[in-house]
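> Provided below are the primary sequence and the corresponding predicted coordinates.
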Amino acid sequence: MIAGLIGLCLLGFFVHRAGINSITQNIFQLGWAFLVVVALGGLRFLVRAAAWIRCLEGNHSLSLSNVFQAMIVGDTLGNLTPFSLIISEPTKAIFLSKQEPISRTLPALAVENFLYTVSALLVIITGLLSFFLMFQLPERLWLTSTIILCVLIFVVSLIHWLIWNQVHIVHTTMEWLREHGVARRLISKFGIQLKEIEKTIHSLYPRTWSRLLPVAILELFFHVLAIIEIFLILYVISDQTPTLLDAFILESTNRFIAVVFKFVPMRIGIDEAGTGLLAEFLNFGTSVGVTLALVRKGRMLVWMCAGIASLVRRGLPLNQSFRTKTQSIALTIMARAPIGSPAPKTRLSDAIKETSDRRRLYTAFLKDTVAICRTVTGTTLCLAHTSSESNEWFSSVNIESHEALPQRGKHLGERQHNVFLDLFAAGFKAVVLVGSDLPTLPRSYLNKAVEKLQQNTVILGPSSDGGYYLIALTLPEPDANMPDLFSDIRWSTEFALEDTKAAAVRAGYQVTLLPEWYDVDDAKGLQKLQREFKDSAKTTAAHETKKVLKQILQNQDS
């Protein structure tokens, strides 16, 4: 509120200094060109909406139109209040929560925001350097600007390093707070969700040029559109012919103001003061600079009205978004320990000779499968594993010790049966069991399995070799026994799926089938995986598997 009042005083001072008559004349001179300014502003929202979508991994149900509306709604609330990003970014994810869960959209938005910040920092640094070279500035101003830039560079670099190296800063901080008795109630209420979001951000962060480059181009194009907007306004209202360098310096200053004074509602007075002073430096005059800021504020108001209209029309599904859900569905990965004996993936020995390479590849499978499963909303992740001498390998696939469950039983059917029994006994109302050699399994298939859960129904995901990659059940009714779905099954044959379907019918259960997928458990499955990786436009997941497989094949060829 204090910042807003100071901003209003600045606005009044600079409007008086520039002259109301001059500003009014400039605004009337702009005329119909204001519609172009509004259109450019909308195009900038559209560009960032496209960048946000590009940061989502795998299949999704979002359209560019929906994401565009979410962008303007979030920015509207962020600009109207002093809370800025604290309210604008969650609002964007909440607005889309009926199409995609917040656990998917918010981490992707965090990644997009970081990449936008990097692009904005690049514009700020380049613009200020250009400005310093054009004018001989006082030494004190040089020093102040340099310190601010160094701080911004340090903060962005630190965030990048933390995400790139997958440092779990949120988890570490919460554990420290818990040990020291700070905010224990809040941590117990929101701790799991925050840790899940942090892990999802790590998995979504672009680590290949094929993912990073399109987002980077979109973010830079956002700034190009802003430069065009400034150039157009100056060209129409100023007697002095502007250059693209003038527009670029003004935009870099505007980005700097937007970063530093984000907490000031609509940056009232701040934009006018900064742009007015800089325009005077550039010989356009204070009135042109203040008019430029007011015109851009007018464009902002137009889109804020559109945001309010979208908010009134659709509303925010707050109850759906913030309601604490009991995550009563256990999404469980059936896994073998990648260490110890026997080594996993022996059927891949024809294609991958070295045992150590097969262990590395299987670890990559597990890591990518965990990353996919973590982002399925309304579920609790569990890793059902075979016993090994050490459980240190959990951290290599991003699994916490409390998320692990030892398998019990001598053969696969008995182990699956006991996993269901153990998880139902632990209080889960439904269990979705999925294989561990599915690094590119579409997340939508897992979402469908969760959506189709119902009493007396077995959900099966058929695999192309005649088995199944997923089986799901709800907790049997109090007077009913666990259905026998795992006896007399011809495991590891083309009849496993049909035998399981027949067992479900004998138990009085209905069978619901998901789309077919494939296991990577032999040379044929590995070939399918390689073909899928070649289609980079189609495959955006399984970054760890792609990287490890490429290294293994290169080493074998050499």
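Nice, thanks for sending it over. Computed from a prediction, not measured in an experiment: that's the story for all the values here. Residues are numbered from 1 along each chain as shown.
> can you list the buried residues in stretch 492-502?
496-497, 499-501 (16 or more other C-beta atoms under 10 Å). Placement of C-beta: from N, CA and C, glycine included.
> how far does that stretch sit from the chain's center?
Stretch 492-502 sits 38 Å away from the centroid of its parent chain (C-alpha atoms, centre = their mean, to the nearest Å).
> out of the buried residues of stretch 492-502, which sit inside helices?
Using DSSP state H, the subset of the buried residues of stretch 492-502 located in helices is 496-497, 499-501.
> which among the residues you listed gets closest to residue 488?
Closest approach between those and residue 488, by C-beta to C-beta: residue 499, at 6.9 Å.
> excluding chain neighbours, what is closest to the closest one?
residue 489 (4.5 Å; C-beta to C-beta, 6 or more residues apart in numbering).
> so what's the one you found up against?
The contact partners of residue 489, by C-beta atoms under 8 Å, 6 or more residues apart in numbering, come to 413, 496, 499-500, 503.
> distance to residue 470 for those residues - can I get that in CSV?
Compiled in CSV, those are given as follows (distance: C-beta to C-beta, whole Å):
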residue, distance to residue 470
413, 16
496, 13
499, 16
500, 11
503, 16
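> related to what we said a few turns ago, for the residue nearest to residue 499, give me phi and psi.
phi -100, psi 130 (degrees, to the nearest 10).
> the bottom helix or strand of this structure by mean pLDDT?
In the chain, no helix or strand scores lower on mean pLDDT, DSSP states H and E than helix 318-322, which sits at a mean of 44.
> from the contact counts, what lies against the helix or strand following it?
Next helix or strand after helix 318-322 toward the C-terminus (DSSP states H and E): strand 329-335. If contacts are counted by 3 or more C-beta pairs under 8 Å, 6 or more residues apart in numbering; DSSP states H and E, strand 329-335 sits against helix 355-374, strand 379-385, helix 412-425, strand 430-434, helix 443-451.
> try it again with 7 Å
helix 355-374, strand 379-385, helix 412-425, strand 430-434 (3 or more C-beta pairs under 7 Å, 6 or more residues apart in numbering; DSSP states H and E).
> tell me which of those is the most buried.
The highest average neighbour count among those, using mean count of other C-beta atoms under 10 Å, belongs to strand 430-434 at a mean of 24.
> so which elements touch it?
strand 329-335, helix 412-425, strand 468-474.
> redo the ones you listed as JSON lines? Include distance to residue 237 and mean pLDDT.
Shown next, in JSON lines, are those (distance: least, C-beta to C-beta, whole Å; pLDDT from 0 to 100):
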{"stretch": "strand 329-335", "distance to residue 237": "58", "mean pLDDT": "93"}
{"stretch": "helix 412-425", "distance to residue 237": "68", "mean pLDDT": "90"}
{"stretch": "strand 468-474", "distance to residue 237": "62", "mean pLDDT": "94"}
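> out of these, nearest to residue 88?
Residue 88 sits nearest to strand 329-335 of all those, at 31.1 Å, using C-beta to C-beta.
> contacts for the closest one, please.
With C-beta atoms under 7 Å, 6 or more residues apart in numbering as the test, strand 329-335 has contacts from 366, 369-370, 373, 376, 378-385, 416, 419, 423, 428-436, 446, 450.
> and the longest helix along the chain, which residues are buried?
Longest helix in the chain by number of residues, with DSSP H as the criterion: helix 102-134. Across helix 102-134, burial judged by 16+ other C-beta under 10 Å covers 102-124, 127-128, 131.
> can you check stretch 233-247 too?
233-234, 236-238, 242, 246-247.
> who touches it?
26, 29-30, 33, 37, 130, 227, 230-231, 282-284, 288, 291-292, 295.
> and the furthest pair within the residues you listed?
Maximum distance among the contacts of stretch 233-247 (C-beta to C-beta): 27.6 Å, for 29 and 130.
> now do stretch 503-518: distance from first to last residue.
The straight-line separation of the ends of stretch 503-518 (C-alpha to C-alpha, to the nearest Å) is 22 Å.
> buried set for it?
503-504, 507, 509, 512, 514, 517-518.
> ok, those residues vs residue 265, which is closest?
Distances from residue 265 to the buried residues of stretch 503-518, taken by C-beta to C-beta, are shortest for residue 514, at 48.6 Å.
> right, and the closest one touches residue 446 too?
No: counting by C-beta atoms under 7 Å, residue 514 stays clear of residue 446, with 9.0 Å between them.
> using the three-state scheme, assign residue 100.
For residue 100, the secondary-structure state derived from DSSP: H, G, I helix; E, B strand; the rest coil is coil.
> could you report the neighbour count for it?
21 (other C-beta atoms under 10 Å).
> now for residue 251: which residues touch it?
Residue 251 neighbours (C-beta under 7 Å, 6+ apart): 123, 127, 223, 226-227, 230.
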